[in-house]
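Q: need a 3D model of the following:
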Amino acid sequence: VCLSLSVCLSMCVSLSLSFSVCEQLMSVSVLGVAAWIRDTLNSVLTLTAHTRLEEAAVRSYSAAVHPVFISVCCLLLILSMLGYCGALRCRLLLLCWYFCSLLVIFCVELASAVWTYDEPSVQRADMISLKSRMPDYSLQRYQWLTHTWDSFQTQFQCCGVIYFTDWLEMTEMEFPPDSCCTNQFPGCAGRAHQHDLSDLHQEGCGLKVYRFIRGTKPLQVLRFLGVSIGVAQILAMALTLTLLWALYYGHHHQQPDSYGTPRPPGESGSVVGTNGTSVNDRVGP
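A: Predicted structure coming up:
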């Protein structure tokens with residue numbers, strides 16, 4: 001029994017330490033990917049403001065950048081250290097706190113995932129609504145929108161909504177913005193529009209926005225990491241319960257006797273005196 005208990009303790013401690021490290025790494029990865037997506041998401045929300053596309057983008061990415069999701073990942077970094085120390089030191093109190101905290105966080109994650117999950121209902125034809133944001137480009141009071149258009153067209157290598165001619169159609173501009181150029185420099189768009197149109201990005205930004213709303217690779221990575229964290233939490237809770245049982249069993253079935261040596265289970269708690277009468281192991285002061 002003692003050998004089996006020792007082997008069980010060793011395995012549970014090793015696996016618990018491994019899962020604690022995995023939880024830390026996955027939490028850090030989730031925070032990094034969420035921060036990477038946030039800038040692009042803010043640009044998309046700015047370009048699609050007051051349209052059906054804005055609602056679809058929020059539905060797609062609300063779970064990924066939701067404050068509850070980010071807070072849970074930050075809290076997991078702390079709790080994984082708590083579980084690491086509890087498993088390393090074999091402390092019952094720390095392991096109990098770790099198990100209860102994991103259980104509460106898992107329930108919050110599950111409720112948040114169910115509440116925020118919703119497929120966006122968006123069609124490619126809805127991309128035409130992006131043109132309503134183009135006439136405000138380069139206006140003094142809409143400098144933030146101008147910066148967003150330039151950043152988005154540069155990052156995704158696109159121009160206009162359907163084609164670069166959308167800028168000529170929706171604004172009073174004679175040529176597209178310089179952010180539409182494949183090789184950007186001041187006045188490059190005007191030069192390209194007059195001499196060589198191949199120097200402009202040929203793909204519209206509407207398709208890029210549509211693909212982003214439908215789900216990008218970073219979003220798929222976030223979903224995979226979220227599921228992986230949930231599975232790791234379930235396994236960590238199971239291992240923590242096993243470790244708690246092993247520690248509790250060892251603590252209550254290997255009590256030391258009066259001479260400081262472990263007493264096997266079932267051994268009597270008294271010794272017999274010289275006159276045949278039994279006396280207690282513990283001697284009073």
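
Q: which non-adjacent residue is nearest Leu31?
A: Distances taken as CB to CB, 6 or more residues apart in numbering place Cys73 nearest to Leu31, at 5.4 Å, with adjacent residues excluded. No exception for glycine: its C-beta is placed from N, CA and C like everyone else's.

Q: show me what contacts the one you found?
A: Ser27, Val30, Leu31, Ala34, Ile229 (CB atoms under 8 Å, 6 or more residues apart in numbering).

Q: mind checking pLDDT for the residue nearest the centre of the chain?
A: Residue closest to the average C-alpha location in the chain (CA atoms, centre = their mean): Val30, at 3.3 Å. If you check Val30, the pLDDT there is 82.

Q: ok, now which ones touch it?
A: Neighbour list for Val30: Phe69, Cys73, Leu222, Leu225, Gly226, Ile229 [criterion: CB under 8 Å, 6+ apart].

Q: quick one: the last one is in a helix?
A: Yes: with DSSP: H, G, I helix; E, B strand; the rest coil as the criterion, Ile229 is located in a helix.

Q: isn't it up against Leu25?
A: No: Ile229 is beyond contact range of Leu25, at 10.2 Å (criterion: CB atoms under 8 Å).

Q: the two: who's more crowded?
A: Counted by other CB atoms under 10 Å, Ile229 and Leu25 do not tie: Ile229 has more neighbours, with 22 against 13.

Q: can you tell me which of the contacts of Val30 end up in helices?
A: Per DSSP state H, helices hold the following members of those: Phe69, Cys73, Leu222, Leu225, Gly226, Ile229.

Q: quick one: the residues you listed as JSON lines, columns for pLDDT and distance to His147 too.
A: Shown next, in JSON lines, are the ones in helices among the contacts of Val30 (pLDDT from 0 to 100; distance: CB to CB, whole Å):
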{"residue": "Phe69", "pLDDT": "75", "distance to His147": "28"}
{"residue": "Cys73", "pLDDT": "81", "distance to His147": "30"}
{"residue": "Leu222", "pLDDT": "81", "distance to His147": "26"}
{"residue": "Leu225", "pLDDT": "83", "distance to His147": "31"}
{"residue": "Gly226", "pLDDT": "80", "distance to His147": "32"}
{"residue": "Ile229", "pLDDT": "83", "distance to His147": "35"}
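
Q: and these, which is closest to Gly83?
A: Nearest to Gly83 out of those is Ile229 (CB to CB; 13.7 Å).

Q: give me the nearest residue to Thr182, chain neighbours excluded.
A: Computed as CB to CB, 6+ apart, the closest residue to Thr182 that is not its neighbour in sequence is Asp199, at 5.6 Å.

Q: three-state assignment of Tyr163?
A: Following three-state DSSP, the label given to Tyr163 is coil.

Q: tell me who's in contact with the residue lying closest to it once chain neighbours are set aside.
A: Once flanking residues are discounted, Tyr163 sits nearest to Gly204: 5.5 Å by CB to CB, 6+ apart. Going by CB under 8 Å, 6+ apart, Gly204 touches Met127, Cys158, Cys159, Gly160, Val161, Ile162, Tyr163, Phe164, Asp166.
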